[in-house]
Each structure stands twice: as structure tokens, then as C-alpha cells.
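[1] Prediction below, plus the sequence it came from.
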There are 2 protein chains.
Amino acid sequence: MSLLSLIFGNKPKSAVQAKERLQLIIAHERNSLSSKPNFLPELQQELVAVISKYVSVNQDDIKVSLEKQGNYEVLEVNIVLPEPGAAR
Amino acid sequence: MSLLSLIFGNKPKSAVQAKERLQLIIAHERNSLSSKPNFLPELQQELVAVISKYVSVNQDDIKVSLEKQGNYEVLEVNIVLPEPGAAR
């Protein structure tokens, strides 16, 4: 899958092997007629809440970035999942 | 932003200009010790439900794909948003 290799293909393999990660990318392509407000920051909070129902997530292990470029708004959420059996 | 151009940079511009789109990518990097089940398909349904609270989404306009490669599970959700003022 080409997109996969583009996103993850150039990461060093040694240090990341032991951690489980979840990466969430939301891209909103808007046109010039759009009247919709920027809802991605609110959406992100709800999405993280949903994810937390499936895996235990430490708030400190969540990194969020929001970028705008032209017609695109892109929200990226990177979550390091706790190790199996780790005491939280 | 390089990731943005990698995802969207090679699309033809003429036909897609008028539509608003939302693209959601979730990548789960697992390690060999992982005991977590594959929760992405369930997660996807909840995420789409959350998104539907912010924008009106027609179920027919949602395309979902789930791929596995090595330690990665990647869920991709593409949503074409209805045009402003379009009759539903």
C-alpha cells in the first residue's frame, strides 16, 4: 500500500519496535463556497474520547497538530499506546 | 506540508474542485506482543457517527477500506460532503 509506505516507510525501525501506536489523520478539503466553520478541533476531542473506549490512552501520550494549507485543513493525532501489562 | 502533498498532491484538480471532502486515516501499529484485538472496524463506525454530528453525511457517500501490512492495520474513510444548500 503506497500511502502506508509514504507515511511510515522512512521511520527508523529500532526504537519504535516495542511501542504500539495509533495515528489518526483527518483532512478536510473545503471549497471556496464553504460556509462550514472549522470543526476539526472539536471533532478531534470527540474522536479521542471514542478511541479511549477501545484502548487505554494516557493524555500525556497524545500529540495533536492542526495545519491549514490552501483548501485543506489537516488534523493529525499521534497516540502512543501503553505497553501490554503496564501498570497505569 | 509534505504528508498533505503526498496524499492529495497527485489528484486531478478539475473534477474535484466543487466538492468538499473529509478523509480519515487511522493507522494502528502493533507489536508482536500485542494482545489487543482488531478494533478498527468497530472504531470506524463510531468515528463516522461522531463526524455525522458535525456535518450531514449521506451513508452512500462514505467509502471505507481496511488494509493490513506487517505490523500495521490501516483504516481509510473517505467522505464526500453534500454541497452547500443541496436538497437532501
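    Perfect, thanks for sending it.
[2] buried stuff in the helix ranked longest in chain A?
    When chain A is parsed with DSSP state H, its longest helix is helix A:40-54. Buried residues in helix A:40-54, counted by 16 or more other C-beta atoms under 10 Å in any protein chain shown: A:40, A:43, A:44, A:46, A:47, A:48, A:51, A:54. Just so you know, the C-beta spots here come from the backbone N, C-alpha and C atoms, and that holds for glycine as well.
[3] Who are the contact partners of the closest residue to the fourth one other than its chain neighbours?
    Which is residue A:46. In space, and not counting its chain neighbours, residue A:46 is closest to residue B:50: 4.8 Å by C-beta to C-beta, 6 or more residues apart in numbering or on different chains. Residues counted as contacts of residue B:50 (C-beta atoms under 8 Å, 6 or more residues apart in numbering or on different chains) are A:43, A:46, A:47, A:50.
[4] mind checking how far residue B:50 is from residue A:38?
    Look at residue B:50 and residue A:38: by C-beta to C-beta, to the nearest Å, they are 16 Å apart.
[5] Any idea which helix or strand in chain A has the lowest mean pLDDT?
    Lowest mean confidence among the helices and strands of chain A (mean pLDDT, DSSP states H and E): helix A:2-8, at a mean of 56.
[6] immediately after that helix, which helix or strand?
    For helix A:2-8, the succeeding helix or strand toward the C-terminus, using DSSP states H and E, is strand A:20-29.
[7] Okay, now the unreliable bits of chain A?
    For chain A, applying pLDDT under 70 flags the ranges A:1-18, A:32-36, A:84-88.
[8] hang on, residue A:23 packs against residue A:76?
    Yes. With contact defined as C-beta atoms under 8 Å, residue A:23 counts as touching residue A:76 (7.4 Å).
[9] What distance do you get for the closest residue to residue A:43 other than its chain neighbours to residue B:41?
    Of all residues not flanking residue A:43 in the chain, residue B:54 sits nearest, at 5.6 Å (C-beta to C-beta, 6+ apart). Distance, residue B:54 to residue B:41, by C-beta to C-beta: 22 Å.
[10] Okay, angle between the helix or strand just after the longest helix of chain A and strand A:20-29 too, please.
    Downstream of helix A:40-54, the first helix or strand assigned by DSSP H and E is strand A:62-69. For strand A:62-69 against strand A:20-29, the angle by axes from the mean of the first three to the mean of the last three C-alpha atoms, to 10 degrees is 20 degrees.
[11] How about strand A:62-69 and chain B, any contact?
    Yes. Strand A:62-69 reaches chain B (C-beta under 8 Å from any C-beta of the partner chain) through A:67, A:69.
[12] Show me the contact partners of whatever helix or strand comes next after that strand.
    Where DSSP H and E defines the elements, the next helix or strand beyond strand A:62-69 is strand A:72-81. With contact meaning C-beta under 8 Å, 6+ apart, strand A:72-81 is reached by A:19-30, A:38, A:40-41, A:43-44, A:47-48, A:51, A:55-57, A:61-68, B:1, B:3-4, B:8, B:36.
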